[in-house]
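Student: After the sequence you'll find the predicted model.
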Amino acid sequence: MSNKPVLELDHLSIAMPHRTLVHNCTLAVAAGEAVGLVGESGSGKTLSVRAVAGLLPDDFTTGGAIRILGRDVAEMGSKERKELRATRIGMVFQTPRAHLNPLLTIGDFMTEALVHVAGKRRTAADRRAAELLDEVGIPDPVRRLRQYPAELSGGLLQRVMIAATLAMDPEILLADEITTALDVTTQEEVMAVIGDLRKHRELSMLFITHDLALASAVTDRVAVMQHGRTVETLHSATMRQEARVEYTKVLMAAALDEAKPEELVRDRDATSVLAVSGLSKTYQVPGATGGRETLVALNGVSFELDQGGSLGIVGESGSGKSTSAKIICGLERADAGTITVTGEDWSLPARGGAARRGRAKKVQMVFQDPYQSLDRRQTIRECLSEAIRVHRPSDSREAVTRRIEELMRQVTLDPELADQRPKSLSGGQRQRVAIARALAADPEILVLDEAVSAIDVTTQVEILTLLDTIRRETGVALLMITHDLTVIRRLCDRVVVMRAGRVEEYGTADEILDAPRADYTRLLLDSIPREGWKPRRRRPGRTSAIPTITLMHRVKEMRGL
Amino acid sequence: MSVGQLAQGKMPVAVKDAAKKDWLYLVALVAFTLMALMALIGPWIAPYNPTQLYAGPENGLPTAQNLLGTDDLGRDVLSRILCGAGVSVFAPIIIVLLSTIIGSLLAVTAAWFGGITRGTIARIIDVIFAIPGLVLAVLAVAMFGKGLPAPIVALSIAFIPVVARLTQTAASRELGKPYIAALRVQGVSSLAICFRHLIPALVPVVAAQMAVGFGYAMLDLAAISFLGLGQQPPAADWGSMISGGKTGILAGAPEQALFPSIFVVVTVLAVSIIGARVTAWAEEKER
């Protein structure tokens, strides 16, 4: 092959029946090159890639040209186009679990294309499938072929998906947010696998992500997309110097080495407003081989939160960080341990409405998913006035209206939106509503459970800044639960690092981010994409997620029920 | 129409949209409205007294005097259909309302309290499920005598499990959503969460279920009347008219059974189509 690009998008536009969603997407991927396509949700990056793979809904129309190996897709016959897509393009999606039939084994899935499209014999296909799994670094591939998707972790499944696309020897891999749903350490493993594959196979790649730092670390060039247009294309290595467009700079600002906002001047020996000690929680879950197993969600967790301070709880999925938040907010009951809030014992969930209202005045929570944590039938005004009336049922209508306006101002939400329903708000706006609702009670502690992880990067920065401002103005203490260490850097004084229900490390943010003592903290920090970062396979043997199910004892299956 | 209004109170817009997209839905709405009108004002627009003998010839064919013919006693079929419409259309509505209210209450109670409460309610519902509605209705008639009240109560009870199962699943799903947890953390009282948030969320599901239930209730009632256990002569409803029309078929006059059958089929079809539409529309709204 000459310098001809493997994939070329030439002024691609994509339109729904009444709206154009992608206006002008122009990019080229040369043989063996990796190009990143970066942008926020709704910028059209996924649509563009789906157009390449032929996965657009029927009523969508495209303009411009898509050229694969120098040939315009639109000029090919439908059979040829299908053939080309089957053999030259491999596509990997964000959620591997949703793309695998849970009733088929990994082996069935892997060999399906080989048997039915390539016409191989089953034994040969099985052999090839095992080789491919081996190539993506899955240990014991023959055994994996007999397992079901439910038995594999997210990182492993994503590697299975990659291996399956390799079965047809594609020229180019279309990777659509393939690591977004994965923990940061697993993300590194998957990216390392992809790096090796590209080296060995001369595979081209179009890598879609919202994470500019990740894209620049694993690709040669990065195209930035905004509102359906590619606004600029940069060389990954020199991205920081080259960036001209303001939007790219905003995207870049969400990196870990971003300076911390000025130190909040406050009383060093402030009293603790929340103290948790020896918190434990186990769940009974159906075991893999029948019977019941005990899942240890929390195992002797202790930490303290100062008045007006901010504490971050960091950990991968399954580390027990959300369980701690739920117990503090009274949504779950702890098996053991004590919780003290402003001197009161909160170890057991509140009994009765009055006690719950009393606690609600002290601790409020903002949830991860702003799309689901608001009642979709309520307008913003109804939502906020409900939250206000809980604590002040006899306030006059004017007082409530005033308070709503004040809250909306506090979270910098346009007052015009007060009579809208959540449906017509963006993710960032919804999360502002959720924060305003939590502030309505004037709480002393605000628990934020992954409050920014479902939001776009630029909006994330805004929300974090807003939270910092609110903390300064109202003196509310923040308990941030997150998997993202960059969030900690921006907002927290102290950090708890959790793993498998235990506290791995507990200290000030500077200590933990700059001089971590625990190996696990170091691993977490090293896995974060940043300038000059290259994904490495750290532990050749570590392919499953960190084990969270501990087999303590078996309980006999209950009879009758 | 009533079902759609229940669902959201925005029916005029929905009708307009549907008319643009889906003529079948519109036809169903028109058909059901006509049936409901008939049920309301039927006795006043009937050309003859429904029990008047020899308003025309015996087993008469449709003529200008008797638009849908006459039965074996010469009674006017159209008048009997019009006068029977009230019972035939409103009895199923009573059944649906009763079973929906009781079933939803059980469902919300089960979903809200969980644990033993849910287990107990589930077992009770299982027991009712085990008895077919028609058998229960026949049993009720045997115990409390012929006439409409017994089968109406029996069918209401028989329909409870279906409503309760479906509603409980929806309620449990809704209660698992983060916004309910958010409300609890805010300190909103349980009653407020239940009536202001949970129950409105269930309305689309329940409304769709009601429309489907109406069709079944109407068919079951017609069957009971057909067996001679429901509406008693000389009063008529559509089911008993089909039953009485049997003899007409042998006498070469199938119209007297055919016309009430058509009314039953059209009403059930119309309500089912409306129900399917409400379901699809509720699913769309959930997204």
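Tutor: In hand now; what should we look at? Numbers count the residues shown, from 1 in each chain, chains lettered A, B, ... in the order given.

Student: pLDDT wise, what is whatever residue of the stretch 101-250 of chain B ends up closest to chain A at?
Tutor: When distances are taken as C-beta to the nearest C-beta, the stretch 101-250 of chain B reaches nearest to chain A at residue B:187, 2.9 Å away. C-betas here are computed from N, CA, C, even on glycine. What the model reports for residue B:187 is a pLDDT of 85.

Student: and what of residue A:204?
Tutor: For residue A:204, the predicted pLDDT is 90.

Student: go on, the one 10 residues further on?
Tutor: Confidence at residue A:214, expressed as pLDDT, is 86.

Student: For it, which non-adjacent residue is closest in space?
Tutor: residue A:529 (4.0 Å; C-beta to C-beta, 6 or more residues apart in numbering or on different chains).

Student: Look at the spatially most central residue of chain B and report its pLDDT.
Tutor: Residue closest to the average C-alpha location in chain B (C-alpha atoms, centre = their mean): residue B:214, at 2.0 Å. Here the pLDDT value assigned to residue B:214 is 86.

Student: So it belongs to a strand, correct?
Tutor: No. Residue B:214: not assigned to a strand; according to DSSP: H, G, I helix; E, B strand; the rest coil it is helix.

Student: before we move on, the earlier item: number of residues surrounding the residue nearest to residue A:214?
Tutor: Using other C-beta atoms under 10 Å in any protein chain shown, residue A:529 has 23 neighbouring residues.

Student: pretty sure it contacts residue A:209?
Tutor: No. With contact defined as C-beta atoms under 8 Å, residue A:529 does not count as touching residue A:209 (9.5 Å).

Student: sorry, back to before: pull the contacting residues for the residue nearest to the residue nearest to the centre of chain B when sequence neighbours are not counted.
Tutor: Nearest non-adjacent residue to residue B:214, counting by C-beta to C-beta, 6+ apart: residue B:271, 4.7 Å away. Neighbouring residues of residue B:271 by C-beta atoms under 8 Å, 6 or more residues apart in numbering or on different chains: B:3, B:28, B:32, B:211, B:214, B:215, B:218.

Student: and those residues, which of them are in strands?
Tutor: With DSSP state E as the criterion, strands contain none of the contacts of residue B:271.

Student: so which one among those residues has the lowest pLDDT?
Tutor: residue B:3 (40).

Student: give me the low-pLDDT residue ranges for the stretch 351-500 of chain A?
Tutor: Low-confidence segments of the stretch 351-500 of chain A, defined by pLDDT under 70, are absent.

Student: Apart from its neighbours in sequence, what residue is nearest the residue of it found nearest chain B?
Tutor: Residue nearest to chain B within the stretch 351-500 of chain A (C-beta to the nearest C-beta): residue A:360, separated by 2.9 Å. Distance criterion C-beta to C-beta, 6+ apart; nearest residue to residue A:360, sequence neighbours excluded, is residue B:187 at 2.9 Å.

Student: quick one: contacts for residue A:372?
Tutor: B:177, B:178, B:179.

Student: Which residue comes closest to the second one once chain neighbours are left out?
Tutor: Yep, that's residue B:178 we're talking about. residue A:373 (4.3 Å).

Student: and residue A:37, that's in a strand?
Tutor: Yes. When three-state DSSP is applied, residue A:37 is found to be in a strand.

Student: Tell me which residues touch it, please.
Tutor: Residues near residue A:37 by C-beta under 8 Å, 6+ apart: A:27, A:45, A:48, A:49, A:206, A:207, A:208, A:209, A:215, A:222, A:223, A:225.

Student: now with 7 Å?
Tutor: With contact set as C-beta atoms under 7 Å, 6 or more residues apart in numbering or on different chains, residue A:37 has these partners: A:45, A:206, A:207, A:208, A:223, A:225.

Student: Same list (the residues you listed) but as CSV, adding neighbour count.
Tutor: Below are the contacts of residue A:37 laid out as CSV (neighbours: other C-beta atoms under 10 Å in any protein chain shown):
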residue, neighbour count
A:45, 28
A:206, 27
A:207, 26
A:208, 24
A:223, 26
A:225, 23
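
Student: so where's chain A uncertain?
Tutor: Scanning chain A for pLDDT under 70 picks out A:1-3, A:253-270, A:286-291, A:538-561.

Student: My understanding was that residue B:118 contacts residue B:110; is that so?
Tutor: Yes. Using C-beta atoms under 7 Å, residue B:118 is in contact with residue B:110, at 4.2 Å.

Student: More neighbours: which of those two?
Tutor: residue B:110 (24 against 18).

Student: distance of the more buried one from residue B:172?
Tutor: In this view, residue B:110 and residue B:172 are 8 Å apart by C-beta to C-beta, to the nearest Å.

Student: Residue A:410 now?
Tutor: As defined by C-beta to C-beta, residue A:410 lies at a distance of 36 Å from residue B:172.

Student: ok, now which ones touch the nearest residue to residue B:199 once chain neighbours are set aside?
Tutor: Nearest residue to residue B:199, sequence neighbours excluded (C-beta to C-beta, 6+ apart): residue B:108, at 6.9 Å. When contacts are counted by C-beta under 7 Å, 6+ apart, residue B:108 touches B:171, B:194, B:198, B:199.

Student: do residue A:91 as well
Tutor: Residue A:91 makes contact with A:53, A:165, A:174, according to C-beta under 7 Å, 6+ apart.

Student: Return the closest of those residues with respect to chain B.
Tutor: Distances from chain B to the contacts of residue A:91, taken by C-beta to the nearest C-beta, are shortest for residue A:53, at 24.0 Å.

Student: pretty sure the closest one is touching residue A:86, no?
Tutor: No. Using C-beta under 7 Å, residue A:53 makes no contact with residue A:86, being 10.5 Å away.

Student: Who are the packing partners of the helix or strand that residue A:285 is a member of?
Tutor: Assigned by DSSP states H and E, residue A:285 belongs to strand A:272-286. On a contact count with 3 or more C-beta pairs under 7 Å, 6 or more residues apart in numbering or on different chains; DSSP states H and E, strand A:272-286 meets strand A:292-306, helix A:321-328, strand A:336-341.

Student: Measure how far stretch B:73-81 is from the centre of its chain, please.
Tutor: Put simply, stretch B:73-81 sits 25 Å off its chain's centre (C-alpha atoms, centre = their mean, to the nearest Å).

Student: whoops, stretch A:222-241 was the one
Tutor: Its chain's average C-alpha position is 22 Å from that of stretch A:222-241, according to C-alpha atoms, centre = their mean.

Student: ok, which residues in chain B are in contact with chain A?
Tutor: For chain B, the residues in contact with chain A (C-beta under 7 Å from any C-beta of the partner chain) are B:177-179, B:181-182, B:184-190, B:197, B:200.
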